[in-house]
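1. requesting a structural model of the entry that follows:
(2 chains)
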Number of protein chains: 2
Amino acid sequence: MTMEPFRLHILGCGSAKPSNGHLPSCQVLDLRGKLYMIDCGEGAQMQWSRVGLGMTRLGHIFISHSHGDHCFGLPGLISTMGLLGRTADLHLHAPADLRPFVECVLEGFCKEMDYKVYFHEVDTRQYSLVHEDRSVEVWSLPLRHRMPCAGYLFREKPLLPHIRPEMLEAYHIPVSQVNNIKAGQDWVTEEGEVIPHERLTRPADPPRSYAYCSDTLYRPQLAEWVQGVDVLFHEATFGEEYLRRAQQTGHSTARQAALVADAAHVKRLLVGHYSGRVKDEEAHLAEARAVFPETYLTREGQVWEVK
Amino acid sequence: MTMEPFRLHILGCGSAKPSNGHLPSCQVLDLRGKLYMIDCGEGAQMQWSRVGLGMTRLGHIFISHSHGDHCFGLPGLISTMGLLGRTADLHLHAPADLRPFVECVLEGFCKEMDYKVYFHEVDTRQYSLVHEDRSVEVWSLPLRHRMPCAGYLFREKPLLPHIRPEMLEAYHIPVSQVNNIKAGQDWVTEEGEVIPHERLTRPADPPRSYAYCSDTLYRPQLAEWVQGVDVLFHEATFGEEYLRRAQQTGHSTARQAALVADAAHVKRLLVGHYSGRVKDEEAHLAEARAVFPETYLTREGQVWEVK
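-> Residues are numbered from 1 along each chain as shown, chains lettered A, B, ... in the order given. Just a heads-up that it's a prediction; the model follows:
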């Protein structure tokens, strides 16, 4: 059984200061052949180039908020795609206050590009549909940070059932009919016998889901929106010893990230957005695992299968 | 004999597309205790952090022109210095058309910073003094690119002569007098004998110089302005097999960079700003060395002593 990919690439998982060797926030979701970028910290285009993903498959970028460590990779990425001869539209989804920066970059550096960048304002105050295509729905998650900030929930659309190859063979069904049968059409044999499509297929895989929550104060209500997702990324900027600083700066601790994951009954929690104050990442992980054992640290270059 | 440093750090030596593993243009000159940045491509702050130079010693940044691969590191660098609590002014020297981008970044991301960024327009049409302090004069070099573009020439100010320790001892001269003697004061012994300061010192080291020329078409006239410099960096975006493309895009070949170095009788030529079309950097080097043997390839992380 080969499943269509739902794969998360970690391009950057640090916070604003580069001192701890991490790169600022950037992730790419490879979802049934399309690529979706989430946040675009400085260095995103270099990381992208290292990962070797084709830029033409990227149609949408989702930015959480207008702090530099989540968007300063945009000028380089947008320009380089222009240099590479991109012609397809690019859609940027972000809180309204990022618009002047994007317009300034397009105006100052991108006048000769052969493609268009569309800016879509994201509602950071409520859970709302941001984007929808054949494969996915993307919802905004209202986060609590020092400025308007949205998380993003990617809900895969229902998949088609799997064809049973042995049944194709038994009933001499031509391959040209596979898509019709998957879509729910029964098969009529030459003798006039009707074979219900359910007999010719196995049930579809359950749709997959991924939620990205960064940057945010600990917000228990998040658990309602991300209930049961396969993979949750939740920022864990600090450890509990810096709880007060987390509260002051609009961030969460590793333990708080785990509390959200636990309340939401997610399958797996990924943490990141490490402050330079996180000196021992394994201890950071242990803090989260004490609450939610299925927690993992993100690192640049990782690929996670969402399942 | 310890000399005060005049040291060039290569932070990035690629061109716009990150495909060849290089980072975009960025250099830092460590000159008698002060740091001067030349161009600031994306990733500059991460590279800076890797090199481990203190940001407080940086007072001036010189940008050649407003192509993204020479300035997209500014937003991150400026913001991070704010987060690190910088209070000292920062001076940005650049062609006028970079101003809107810088203002947009300061307006959108830097309002809470405790330091000021001053933008100084650089004259890209003539050789002119851009900056001067106790240690150095910085001159603009008019380059020929697809937009207003300046190179920069760093001329060290004359150094003081070296004291001769054995003479201090012979005449029982207290250490407190060293700076006066270096500055040209003679010494009078207790017996009234006048010892000329020339006898107490060795001649000063000759002032050092560094010139940065990127991006530019082959411009033979450059050799006049950079005549005899210790180290010349000259872009060598292409090899001779792409001469036509170099001309079309406002760049030079490795051979052309070497022709400038040769005509200017510089001591050493550094080349960089490699296009993705440069597949074999050793061949690129050979092309330049055929004209000017003292040519070297730049690479990220290198440190060159200017002498």
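
2. for A:Val229, see how far away the spatially most distant residue from the centre of chain A is.
-> Centroid-distance maximum for chain A: A:Glu191 at 49.5 Å, with C-alpha atoms, centre = their mean. Separation of A:Glu191 from A:Val229 (C-beta to C-beta, to the nearest Å): 47 Å. In this view, the C-beta of every residue, glycine as well, is placed from N, C-alpha and C.

3. swap in A:Asp69?
-> 24 Å.

4. which of the two has more neighbours?
-> A:Asp69 (27 against 23; other C-beta atoms under 10 Å in any protein chain shown).

5. so that one is in contact with A:Glu42, correct?
-> Yes: using C-beta atoms under 8 Å, A:Asp69 makes contact with A:Glu42 at a distance of 7.4 Å.

6. before we move on, what SS does A:Phe45 have?
-> Actually, residue A:45 is Gln. It isn't Phe. helix (DSSP: H, G, I helix; E, B strand; the rest coil).

7. which of the three states applies to whichever residue of chain A sits closest to chain B?
-> As assessed by C-beta to the nearest C-beta, chain B sits closest to A:Cys104 within chain A, at 3.8 Å. Following three-state DSSP, A:Cys104 is assigned to helix.

8. got the contact list for it?
-> Applying C-beta atoms under 8 Å, 6 or more residues apart in numbering or on different chains, we find A:Cys104 in contact with B:100-101, B:104.

9. now do A:Thr216
-> A:143-145, A:149, A:151, A:222, A:234-235, A:250-252.

10. show only the entries of the residues you listed found in strands.
-> Cross-referencing the contacts of A:Thr216 against strands under DSSP state E gives A:151, A:234-235.

11. turn the residues you listed into JSON lines, columns for neighbour count.
-> Shown next, in JSON lines, are these (neighbours: other C-beta atoms under 10 Å in any protein chain shown):
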{"residue": "A:Gly151", "neighbour count": "29"}
{"residue": "A:His234", "neighbour count": "32"}
{"residue": "A:Glu235", "neighbour count": "31"}
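
12. out of the residues you listed, who's near chain B?
-> Among those, none lies close to chain B by the criterion of C-beta under 8 Å from any C-beta of the partner chain.

13. quick check, nearest of those to A:Asn20?
-> Of all the ones in strands among the contacts of A:Thr216, A:Glu235 has the smallest distance to A:Asn20: 14.7 Å, by C-beta to C-beta.

14. the closest one contacts A:Leu217, correct?
-> No: the pair A:Glu235 / A:Leu217 is not scored as a contact, 9.8 Å apart, by C-beta under 8 Å.

15. quick check: neighbours shared by these two?
-> A:251-252.

16. on that earlier part again, turn the ones in strands among the contacts of A:Thr216 into CSV, columns for pLDDT.
-> Shown next, in CSV, are these (pLDDT from 0 to 100):
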residue, pLDDT
A:Gly151, 98
A:His234, 98
A:Glu235, 98
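
17. and which of the residues you listed is nearest A:Val28?
-> A:Gly151 (16.4 Å).

18. next one: the closest one relative to A:Thr124, how far apart?
-> 9 Å.

19. do the same with A:Val306
-> 24 Å.

20. which of those two has more residues huddled nearby?
-> Ranked by neighbour count (other C-beta under 10 Å), A:Val306 and A:Thr124 place A:Thr124 first, with 23 against 20.

21. how far is the one helix or strand A:Ser79 maps to from where the chain is centred?
-> A:Ser79 belongs to helix A:74-83 when assigned by DSSP states H and E. Here the centre of helix A:74-83 is set off from its chain's centre by 21 Å, with C-alpha atoms, centre = their mean, to the nearest Å.

22. quick check: next helix or strand after that helix?
-> In N-to-C order, the element after helix A:74-83 by DSSP H and E is strand A:90-94.

23. quick check: closest non-adjacent residue to A:Pro203.
-> What sits nearest to A:Pro203 in space, not counting adjacent residues and going by C-beta to C-beta, 6 or more residues apart in numbering or on different chains, is A:Pro161, at 5.7 Å.

24. neighbours of A:Leu129, how many?
-> Counted with other C-beta under 10 Å, the neighbours of A:Leu129 add up to 12.

25. tell me the bridge partners for it.
-> A:Trp139 (DSSP bridges).

26. surely it is in contact with A:Glu137?
-> Yes: between A:Leu129 and A:Glu137 there is a contact under C-beta under 8 Å: 6.3 Å.

27. whichever strand or helix holds A:Leu35 near chain B at all?
-> Using DSSP H and E, A:Leu35 sits in strand A:34-40. No: under the criterion of C-beta under 8 Å from any C-beta, chain B is not reached by strand A:34-40; the shortest gap measures 11.3 Å.

28. dump that strand to PDB, keeping only the CA atoms.
-> In PDB, the C-alpha atoms belonging to strand A:34-40 read as follows (Å, rounded to 0.1, in the frame of the first residue of the first chain):
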ATOM      1  CA  LYS A  34       1.900  20.000  -3.500                       C
ATOM      2  CA  LEU A  35       4.100  21.900  -1.200                       C
ATOM      3  CA  TYR A  36       3.000  24.300   1.500                       C
ATOM      4  CA  MET A  37       5.500  26.500   3.400                       C
ATOM      5  CA  ILE A  38       4.800  27.500   6.900                       C
ATOM      6  CA  ASP A  39       6.700  30.500   8.100                       C
ATOM      7  CA  CYS A  40       9.800  31.600   6.300                       C
END
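
29. tell me how many other residues surround the residue nearest to A:Pro203.
-> Neighbouring residues of A:Pro161 were enumerated by other C-beta under 10 Å; the total is 18.

30. show me what from chain A comes close to chain B.
-> A:16-19, A:23-24, A:42-43, A:45-46, A:49, A:66-69, A:72-73, A:75-76, A:79-80, A:83-84, A:97, A:100-101, A:104-105, A:107-109.

31. out of these, which are buried?
-> A:16-19, A:23-24, A:42-43, A:45-46, A:49, A:66-69, A:72-73, A:75-76, A:79-80, A:101, A:104-105, A:108-109 (16 or more other C-beta atoms under 10 Å in any protein chain shown).
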